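Asks: sequence? don't have it. structure:
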């Protein structure tokens, strides 16, 4: 045992523990069949070349007046000075230790760092068992000279444990050495949850499992802090293009370059208009991107501030391509080992790359009958990929045949450090890709649900052996698809919950991603889209995959970029097709999708999501998605060293006997006036005034209650402070429609007490107060008609006029309509210009206070002011707690056949809705008349049709409770057109 290694191990242990004996070992894989790669017993190599250390450690139990022992297994880093606990095992009377000479065929861990020249012809294997049959630890020992003292110490401690009747549950001091899984090996679905949601249930005066919470928060804090300490100070980008193509059994017969080589800037499409306001995140702070650079490998380099914006790119560093229905032959029902079809498509892929094809090479591929997943990378980056693994699982006939199922690939990526860098190895990032193909029939939705969850559990990555196949090796980690830094799922046969409106009887069809609308409505909307009216958002509102994700029936946590391309299925090659080329016997649908999942802290930006209609060989169009992955370069050696140092520093403080102490400044927060959609920010500083680290969390007043009301946000809600450290808590008040609906019906005074709990300590209280300013947004229409004046003048929510004295229509809506009737010009493109949020905020304030509206100054754009009024009108109507047209009347609205029937139905509307409807539709009719095309037919696109597509979903908003069925967007449009066209 070297003195340096001895010192490192002693530093890792707490003062109450003693280091008695050490063995440098390597983990052995039992029942393996490959010659070992073990050093000889001579000291030609440093001891740290062996990547594991097993120690005998003792602890004096003062209460029982006896000595307790344990085995602690450490894993060392590349330089031997970074230690991580792999296993802690109490030495009790039922343990046995045996040593045997190993056969030549015994396999040690594949991660051995010893060169082949130092292989030994004979080795010894140490096995620790509980009882006779339960093997706990197995190691290969290259040097037996230290084994005698190690065994003697074990026997001594086992005799003490037997004499004192000690079992493993008595060794509570070992809890400090319990191995903690690295966050990157945790399930992605767990990592995506806020840290606060992973802690035990707790509330004011009722703490949860503080010890467990300390362990969870400490692990997270240590890993983030170690990464920050080991950061090289710059960021690299990995550019990935993912493609999915259902080839319908066709061989490659077209140039694939549009699919593989298009730049990001060529695929940006105009998003569908619902509201020109961008979504506002309360904690969204913009940053200015810096100019991009590149290193010798071609990876873009930037400073950490640029992580959120890597810009566009032309050439991907990595192509990940998933194919489905590669083979539709009868033989495809069974697994096959042939690569003929894969070879043909690989030839087409590299041909499509053209003159740049020589820069790329295939890294790995995996085929399961008709499913093929291929990873192609730049040759200059090939050395950056490691630990490549693959797997597949069938889900076809009888639940296992390969006509349906999934293929998956997992790999680690670590960029090459800069030439002038002192970094020897960068910390890797793991990426997982899944290509899935499931059942097609509508009535098999339950089966698809089952298959999705079944595949999620069955797809597992094992290490790859020397023969290129997965091997079960207990010495190395196995991963499921969610144990990754990023997960991408592609394919056209993923589970979708469907309303079986019609059934497909062709086995080879691909109609899982259905749109829950009649075929005629889908084609009508697609025709309007082709004529210039963006109808994709209206179709996606009925998309089954999006509904499935929203209800978390499957793909919970997955993200899909906004779709701006037309449905990719089903295109016809014969005469049975419509004007857009879709098969008239199949409803168009987005059957081909690309989803992704990544945890907080990983910067994954999707640049594009598009189809490629230029490729027409299949009844599907291929799709692609461009991603920019930006990540800080981390020195892996320094990271492991920092991890060990922080672990030693923070281990066991919960057993110190000291009480955590924390200072809060200020203890009371005054928010002032809290106004609708106007954020109010305050700060609270927490400082650790105690002698031990302090883990804190905000808790609610009840076990299942929220930490704060919906209008109040806290960041961070959980944290750890070392003695003397401080942190700033951001407190944000932000009122959106959901919270405004409740606040409008309560007194204006806001008072809430935040409860800050310190683990193994006491609760602290932060008083938050403010004055809410009533708003006309997020109110019922009938309530607005009973206001005597501007809503801001209300002293209490009950200060309303009697129902019999209500006005005919809310003055706020009428003010907006009257202003627009007076100021809108024929040349104004209403509802198609991006509005400034600051100007919309001014208009909202005028509506609430009764102040005069702003007028366009000479320096301001008239179109911008009109756009702000148009946006505010749409937002006000959309914020109403009840839609203008009651859901129970939607079916009757769609049944009207002409203008007269539509006007007669107005008598069924609530009184306060009639005048708003008449005034609004009169304004829309006036605006539509400014259109030179004089839109006269509901089927003829023009300004009236555009306006109807914007307002119909708002005025005839679907019932969120599901009591009344959803109405067709085409029917809603036609009803509105009867009044404005």
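Replies: Nice, thanks for sending it over. What you are looking at is a predicted structure, and each value in this text was computed from that prediction instead of being measured. Residues are numbered from 1 along each chain as shown.
Asks: need the contact list for residue 957.
Replies: By Cβ atoms under 8 Å, 6 or more residues apart in numbering, residue 957 lies in contact with 878, 883, 887. All C-beta spots, glycine's among them, are computed from the backbone N, C-alpha and C.
Asks: try residue 245
Replies: Counted by Cβ under 8 Å, 6+ apart, residue 245 has contacts 259, 321, 322, 323, 324, 592, 615, 618, 620, 622, 623.
Asks: also residue 218?
Replies: Neighbouring residues of residue 218 by Cβ under 8 Å, 6+ apart: 650, 693, 695, 720.
Asks: which ones among those map onto helices?
Replies: Per DSSP state H, helices hold the following members of the contacts of residue 218: residue 650.
Asks: mark which of the contacts of residue 218 are buried, thanks.
Replies: Neighbour counting by 16 or more other Cβ atoms under 10 Å classes 650, 693, 695, 720 among these as buried.
Asks: sorry, back to before: can you redo the contacts of residue 957 as TSV with pLDDT and neighbour count?
Replies: Below are those laid out as TSV (pLDDT from 0 to 100; neighbours: other Cβ atoms under 10 Å):
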residue	pLDDT	neighbour count
878	97	18
883	95	21
887	97	20
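Asks: need the helix or strand of the chain with the lowest average pLDDT.
Replies: Here the helix or strand of the chain ranked lowest by mean pLDDT, DSSP states H and E is strand 107-108, holding a mean of 43.
Asks: what's the helix or strand for residue 926?
Replies: Residue 926 belongs to helix 911-928 when assigned by DSSP states H and E.
Asks: now that helix: average pLDDT?
Replies: Averaged across helix 911-928, pLDDT comes to 94.
Asks: residues near residue 320, how many?
Replies: Residue 320 has 25 neighbours, counted by other Cβ atoms under 10 Å.
Asks: quick check: bridge partners of it?
Replies: Per DSSP bridges, the residues bridged to residue 320 are residue 242, residue 375.
Asks: how much space between it and residue 822?
Replies: The gap separating residue 320 from residue 822 is 56 Å, by Cβ to Cβ, to the nearest Å.
Asks: do residue 680 as well
Replies: Distance, residue 680 to residue 822, by Cβ to Cβ: 34 Å.
Asks: what of residue 590?
Replies: Taking Cβ to Cβ, one finds residue 590 at 43 Å from residue 822.
Asks: higher neighbour count, those two?
Replies: Taking other Cβ under 10 Å, residue 590 and residue 822 do not tie; residue 590 has more neighbours (26 against 7).
Asks: stretch 704-713: end-to-end distance?
Replies: 17 Å (Cα to Cα, to the nearest Å).
Asks: can you read off the pLDDT for the closest residue to residue 966 other than its chain neighbours?
Replies: With sequence-adjacent residues excluded and distances taken as Cβ to Cβ, 6 or more residues apart in numbering, residue 966 is closest to residue 958, at 4.8 Å. In this model, residue 958 is scored at 95, pLDDT.
Asks: run a quick neighbour tally on residue 958.
Replies: Neighbourhood size, residue 958 [other Cβ under 10 Å]: 18.
Asks: before we move on, back to that, now, among the contacts of residue 957, which is nearest to residue 158?
Replies: Using Cβ to Cβ, residue 878 comes nearest to residue 158 of those, at 73.1 Å.
Asks: name the SS class of that closest one, please.
Replies: helix (DSSP: H, G, I helix; E, B strand; the rest coil).
Asks: now it, nearest residue through space, not along the chain?
Replies: What sits nearest to residue 878 in space, not counting adjacent residues and going by Cβ to Cβ, 6+ apart, is residue 954, at 5.0 Å.
Asks: just to revisit the earlier point, show me what the helix holding residue 926 is packed up against.
Replies: Secondary-structure packing of helix 911-928 (3 or more Cβ pairs under 8 Å, 6 or more residues apart in numbering; DSSP states H and E): helix 781-784, helix 811-823, helix 943-955, helix 969-980.
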